[in-house]
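1. Okay, here's the prediction I keep looking at, along with the sequence it came from:
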Amino acid sequence: MDQFRRPERHILSLSGGKDSAALAIYMRDRVPEMEYIFNDTGKELPETYDYLDRIQDYLGNPIVRTTDRPGLENLGFDHWYHVYGDMIPSGYRRWCTKMLKLKPFELYVGADTVYNYIGLRADENRKGYISGKPNIIPVYPFSEDGLVLADIEKILIDSGIGMPPYTKWGRTRSGCFFCFFQQKIEWVRLKQTHPDLFEEAKKYERVYEKTGNFFTWSQGESLQELERPERMEAIIREAERQKQIELQNRENLTLFQVFSEVYEPKEDDEDEQACLICKI
């Protein structure tokens with residue numbers, strides 16, 4: 001009967017974020033047969049692609065782009081955008097996660113028995129993507145081994161990989177450059193750092209012909225409105241004000257704790273749950 005058994009595989013999905021990067025480094029020598037994958041939307045930041053190249057060099061193993069496989073080559077963001085009637089995704093319409101992250105992953109896995117390694121830490125109270133398919137078994141090494149944020153940062157620093165480079169200009173998450181979960185200040189920083197990508201994101205904001213509704217990436221405000229100089233200045237001032245308040249509230253914390261919180265922003269847990277596969 002053994003010839004009829006499905007092979008067992010070990011798969012770790014990289015998002016371009018710090019936790020999955022650290023997990024790949026952590027598991028490299030523990031599971032030599034690990035397969036590393038990346039669900040590429042084709043709309044990632046250039047820093048994300050550079051970061052993945054650095055991780056791949058460290059691992060000494062390829063990071064497979066699941067969306068580059070036969071039959072999926074031309075099924076990137078723009079394809080599904082048109083399939084969904086030229087309606088951009090949002091917190092209520094998360095077709096991007098379903099079609100560009102979850103579907104390519106499950107197609108890559110197939111019917112094999114797969115141990116899916118997920119970078120949730122011991123200091124987090126949330127769940128990652130768990131497939132409903134019985135052949136996909138989630139594994140949480142960081143949670144099981146008691147590793148917290150400080151440990152993840154140490155892994156990245158000691159390896160020489162470091163934190164994701166987009167954090168240097170204020171981006172807090174991996175994922176598409178037009179991710180609708182971005183904060184207002186992150187849109188401003190995108191405009192300042194990658195004006196070409198900001199302009200590309202603007203082109204998707206249009207009237208939805210079926211209803212006449214105008215959908216925007218940033219809640220309640222189009223990018224054309226957001227990029228007005230006076231509006232950008234107001235967003236920057238508000239971000240600085242919030243930063244000062246947070247610094248005052250953390251004045252009794254150690255310098256290391258303050259440093260850590262820069263890379264661990266407070267986010268809406270309910271909104272984030274469905275998109276953890278994009279950012280862990």
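-> All right, it came through fine.

2. Okay, strands next: where are they in the stretch 1-150 of the chain?
-> With DSSP state E, counting those that start in this stretch as the definition, the stretch 1-150 of the chain shows strands at residue ranges 8-14, 35-38, 63-65, 113-117, 136-139.

3. How about the contacts made by Gly16?
-> Each residue near Gly16 by Cβ atoms under 8 Å, 6 or more residues apart in numbering is listed here: 38, 44-45, 48, 51-52, 164, 174-175. Any C-beta I mention is one placed from the backbone N, CA and C, and that applies to glycine too.

4. gap between Ile136 and Gly160?
-> Ile136 sits 32 Å away from Gly160, taking Cβ to Cβ, to the nearest Å as the criterion.

5. ugh, wrong one, I meant Arg231
-> Arg231 sits 40 Å away from Gly160, going by Cβ to Cβ.

6. related to what we said a few turns ago, just put the strands of the stretch 1-150 of the chain in JSON lines and tack on distance to Leu149, mean neighbour count and mean pLDDT.
-> Output for the strands of the stretch 1-150 of the chain, formatted as JSON lines (distance: least, Cβ to Cβ, whole Å; neighbours: other Cβ atoms under 10 Å; pLDDT from 0 to 100):
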{"stretch": "strand 8-14", "distance to Leu149": "18", "mean neighbour count": "21", "mean pLDDT": "96"}
{"stretch": "strand 35-38", "distance to Leu149": "22", "mean neighbour count": "20", "mean pLDDT": "97"}
{"stretch": "strand 63-65", "distance to Leu149": "24", "mean neighbour count": "17", "mean pLDDT": "95"}
{"stretch": "strand 113-117", "distance to Leu149": "18", "mean neighbour count": "20", "mean pLDDT": "95"}
{"stretch": "strand 136-139", "distance to Leu149": "20", "mean neighbour count": "16", "mean pLDDT": "92"}
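
7. would TSV of these with distance to Gly71 be doable?
-> Formatted as TSV, the strands of the stretch 1-150 of the chain follow (distance: least, Cβ to Cβ, whole Å):
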stretch	distance to Gly71
strand 8-14	19
strand 35-38	16
strand 63-65	13
strand 113-117	20
strand 136-139	20
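
8. Buried residues, the helix or strand where Ala234 lies. List them.
-> Using DSSP states H and E, Ala234 sits in helix 229-249. Of the residues in helix 229-249, those buried under the neighbour-count criterion (16 or more other Cβ atoms under 10 Å) are 232, 235, 239.

9. And those, which is closest to Pro7?
-> Pro7 has its nearest neighbour among the buried residues of helix 229-249 in Ala239, at 49.7 Å by Cβ to Cβ.

10. residues contacting Phe177?
-> Residues near Phe177 by Cβ under 8 Å, 6+ apart: 43-45, 190, 194, 197, 200-201.

11. Quick check: mean pLDDT of the helix or strand hosting Asp151?
-> Per DSSP H and E, Asp151 falls inside helix 149-159. Average pLDDT, helix 149-159: 96.

12. and that helix, what does it pack onto?
-> Judged by 3 or more Cβ pairs under 8 Å, 6 or more residues apart in numbering; DSSP states H and E, the packing partners of helix 149-159 are helix 18-27, helix 255-262.

13. So which residues of the chain form helices?
-> 18-27, 46-59, 77-83, 95-97, 103-109, 141-145, 149-159, 184-193, 195-203, 223-226, 229-249, 255-262, 269-273, 276-279 (DSSP state H).

14. hey, which of those helices is tucked in deepest?
-> Comparing the helices of the chain by mean neighbour count (mean count of other Cβ atoms under 10 Å), helix 18-27 comes out on top with a mean of 24.
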